[in-house]
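Novice: Provide a 3D model corresponding to the input given below.
(one chain, ligands or ions: 1)
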Amino acid sequence: MINPLAQQLNDTLKGSVVDALMSDLGKRLYFPNGIISQGGEAAKDASLANGTIGMAVANGTPIELESYKKMMPTLGPRETVAYAKTAGNPDVRKLWKEKIIEKNPDLKNKTFSMPILVPGLTAVLSYVCDLFVDVDKPLLAADPSWDNYELIASARRGAEFHQFKCFENGKFNIPGIEKAMKADAEKYGSVRIILNFPQNPSGYSPTKDEAKELVRIVKEIAESGKKVMVLSDDAYFGLNYEDDIEPQSLFSYMADVHENVLAIKADGPTKEDFAWGFRTGFITFASKALTEDQITALTTKFMAAIRSSVSCASTPSQSLILKGYKAGNIENEKKEFRKILERRYAIVRKFVNEHKSDYIEPLPFNSGYFMSFDTKKINAEELRVKLLKEHGIGTIQIDPQTLRVAFSSLDEENIEVVYSAIYKVADEMGKN
Ligand SMILES: Cc1ncc(COP(=O)(O)O)c(C=O)c1O
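Specialist: Model prediction:
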């Protein structure tokens, strides 16, 4: 099925030389009318506060870890202009593996691959889908979820994009996930699911009990003889603001849950280390019965995907990561920045706890960069446009019922003003 936006582009190109030459993939590609274009509008009109961007911003400038900033002018030619290896600098890969274990102590005695370095988490998702998702191998993800998942699965891979409702009656929808996974398992003999926590756009992470339930569901499907690929998108890992959140990546549990489960971890410095422009991400995988040779073979498959698309990632950012971590202070600096986000979360949390509206309701949130409102009967796009044009506030419409606010990019002193305006405009729209 061709996306209507792709169709519009195809109609414009109809009869041209481009149309005559284009591949199936070319015909399916479209640029979502979503986060990037709405962010562009906000850059022009959000004079008061811009809550569209998935970066952490203070006083209008992206925050930057001192450890990275300091190292920028110190790099030599081997650390900048020299080619990087296809799967990334081996020292960086080793360092990241150690960091994964530090952050997920359950992995200490489990076997998992060396992380493969690619240009950002988007590349991780794209390569994983290159290898495992196609026309009769659908990808299952949350609704709402990051718009790039569908673009990668449907347009790039020509696959069906299946979704489960992430929340039902104001709660994380474990029964919905179970039903959707079992339906795919039944129909296709296997399941490929992407689980993203802290989640974009809701800002939700499962509690310890909910994480156990997710593992139980995957295990049950695996025990029934069906194969399961669980891709954990850990882009916002570690940004947890409540005590009951499961502190480890689901990958830690999926890594050896059953021989029918392939666990894949997508992570990287992009959001965790506040280094969005570095374009570095890691693919790490594990499965209970994979041999060393099989781990090497799958690593080689990923290297082929890298080689045949971008050849390798950029060298300077790999050098900066290595030197930044080796300097020894990065974890302290990250803690300081996390505190900034946590303070912003606390202000937002307090505000929404103290304000009720008949027309908008926050989706559950406890982590990450964002929170979202269920805008119920109000059209989220109309709400977004009013906030932008009448109040100078940038937000993102994810779908007609979901408005996302990136508190990561709102200065503390603006949060009350922004949220007061959101509730006021929503109430006015609802009453009219
Ligand atoms: C859930 C999620 N995964 C992956 C990414 C992509 O990260 P990167 O910029 O490293 O490609 C984003 C970026 O917004 C995201 O929100």
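Novice: what's the burial count for residue 7?
Specialist: 14 (other CB atoms under 10 Å). The C-beta positions use only the backbone N, C-alpha and C, and glycine is treated the same way.
Novice: Identify each buried residue in the helix or strand where it lies, please.
Specialist: Here residue 7, judged by DSSP states H and E, is contained in helix 4-13. Buried residues in helix 4-13, counted by 16 or more other CB atoms under 10 Å: 5, 6, 9, 10.
Novice: Check the gap between the closest residue in space to residue 391 that isn't next to it in sequence and residue 344 for me.
Specialist: Excluding its sequence neighbours, the residue lying closest to residue 391 (CB to CB, 6 or more residues apart in numbering) is residue 421, at 4.6 Å. Distance, residue 421 to residue 344, using CB to CB, to the nearest Å: 17 Å.
Novice: The two - which one has more neighbours?
Specialist: Legend: neighbour count by other CB under 10 Å for residue 421 and residue 344, higher for residue 344 (22 against 19).
Novice: for the more buried one, helix, strand, or coil?
Specialist: helix (DSSP: H, G, I helix; E, B strand; the rest coil).
Novice: who's in contact with the nearest residue to it once chain neighbours are set aside?
Specialist: Spatially, and ignoring its direct neighbours in sequence, residue 344 is nearest to residue 407 (4.6 Å; CB to CB, 6+ apart). Contacts here follow CB atoms under 8 Å, 6 or more residues apart in numbering; on that basis residue 407 touches 51, 341, 344, 345, 348, 369, 370, 371, 415.
Novice: Restricted to strands, list these.
Specialist: 370, 371 (DSSP state E).
Novice: Now distance to the ligand and pLDDT too, for the contacts of residue 407, in CSV please.
Specialist: Below are these laid out as CSV (distance: CB to the nearest ligand atom, whole Å; pLDDT from 0 to 100):
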residue, distance to the ligand, pLDDT
51, 14, 89
341, 15, 97
344, 17, 98
345, 17, 98
348, 18, 98
369, 8, 97
370, 8, 97
371, 14, 98
415, 21, 97
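Novice: Neighbour-wise, which one of the contacts of residue 407 leads?
Specialist: Using other CB under 10 Å as the neighbour test, the contacts of residue 407 are led by residue 51, with 28 neighbours.
Novice: what's the domain layout of this structure?
Specialist: The chain breaks down by automatic domain parsing into domains covering 31-54+332-431, 82-326.
Novice: could I get those as CSV with distance to residue 75?
Specialist: What follows is these, written out as CSV (distance: least, CB to CB, whole Å):
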stretch, distance to residue 75
domain 31-54+332-431, 19
domain 82-326, 5
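Novice: any idea how far residue 262 lies from the ligand?
Specialist: Look at residue 262 and the ligand: by CB to the nearest ligand atom, to the nearest Å, they are 19 Å apart.
Novice: hang on, that residue is in a helix, isn't it?
Specialist: No - according to three-state DSSP, residue 262 belongs to no helix; its state is strand.
Novice: ranges for the helices of the stretch 301-432 of the chain?
Specialist: 315-326, 330-354, 380-391, 415-431 (DSSP state H, counting those that start in this stretch).
Novice: Highest average neighbour count across those: which stretch is it?
Specialist: Most buried of the helices of the stretch 301-432 of the chain by mean neighbour count (mean count of other CB atoms under 10 Å) is helix 315-326; its value is a mean of 21.
Novice: Mind checking if it is in reach of the ligand?
Specialist: No - with CB under 6 Å from any ligand atom as the criterion, the ligand is not reached by helix 315-326; the gap is at least 11.0 Å.
Novice: What is that helix packed up against?
Specialist: Applying 3 or more CB pairs under 8 Å, 6 or more residues apart in numbering; DSSP states H and E, one finds that helix 315-326 contacts helix 66-71, helix 90-103.
Novice: Show residues contacting that helix.
Specialist: Outside helix 315-326, the residues that touch it by CB under 8 Å, 6+ apart are 65, 67-68, 71-72, 74-75, 79-84, 88-89, 91-92, 95, 99, 117, 269, 273, 275, 278-280, 330.
Novice: Who are the packing partners of the helix holding residue 7?
Specialist: Using 3+ CB pairs under 8 Å, 6+ apart: helix 4-13 touches helix 24-28.
Novice: Give me the helices and strands touching the helix or strand just after the helix it packs on, please.
Specialist: Following helix 24-28 in sequence order, the next helix or strand is helix 35-45 (DSSP H and E). Helix 35-45 sits against helix 380-391, strand 393-394, strand 396-399, with contacts defined as 3+ CB pairs under 8 Å, 6+ apart.
Novice: what about stretch 394-405, average pLDDT?
Specialist: In this model, stretch 394-405 has a mean pLDDT of 96.
Novice: What are the buried residues along that stretch?
Specialist: 394, 395, 396, 397, 398, 399, 401, 402, 403, 404, 405.
Novice: Residues of the stretch 51-200 of the chain that sit close to the ligand?
Specialist: Proximity of the stretch 51-200 of the chain to the ligand (CB under 6 Å from any ligand atom) is limited to residues 54, 120, 121, 122, 146, 196, 200.
Novice: Filter the residues you listed down to just the ones in helices.
Specialist: 121, 122 (DSSP state H).
Novice: Confidence-wise, which of the residues of the stretch 51-200 of the chain next to the ligand comes last?
Specialist: residue 54 (83).
Novice: any idea how far it is from residue 313?
Specialist: Here the criterion is CB to CB. By it, residue 54 lies 20 Å from residue 313.
Novice: From the ligand, how far off is the nearest residue to residue 257 once chain neighbours are set aside?
Specialist: Counting by CB to CB, 6+ apart, the nearest residue to residue 257 once its immediate chain neighbours are dropped is residue 219, at 5.3 Å. Residue 219 is 25 Å from the ligand, where distance means CB to the nearest ligand atom.
Novice: Where does residue 219 fall, secondary structure wise?
Specialist: Going by DSSP H and E, residue 219 is in helix 208-223.
Novice: Which elements pack onto that helix?
Specialist: Under the contact definition 3+ CB pairs under 8 Å, 6+ apart, helix 208-223 sits against helix 174-188, strand 227-233, helix 251-254, strand 261-267.
Novice: Off-centre distance for that helix?
Specialist: Its chain's C-alpha centre and that of helix 208-223 lie 21 Å apart, by CA atoms, centre = their mean, to the nearest Å.
Novice: Could you check the angle it makes with strand 261-267?
Specialist: Interaxial angle of helix 208-223 relative to strand 261-267 (axes from the mean of the first three to the mean of the last three CA atoms, to 10 degrees): 140 degrees.
Novice: what sits up against the one helix or strand residue 194 maps to?
Specialist: Residue 194 belongs to strand 190-196 when assigned by DSSP H and E. For strand 190-196, contacts defined as CB under 8 Å, 6+ apart pick out 125, 132-133, 137-142, 145-146, 149, 177, 181, 184-185, 214, 221, 226-235, 250.
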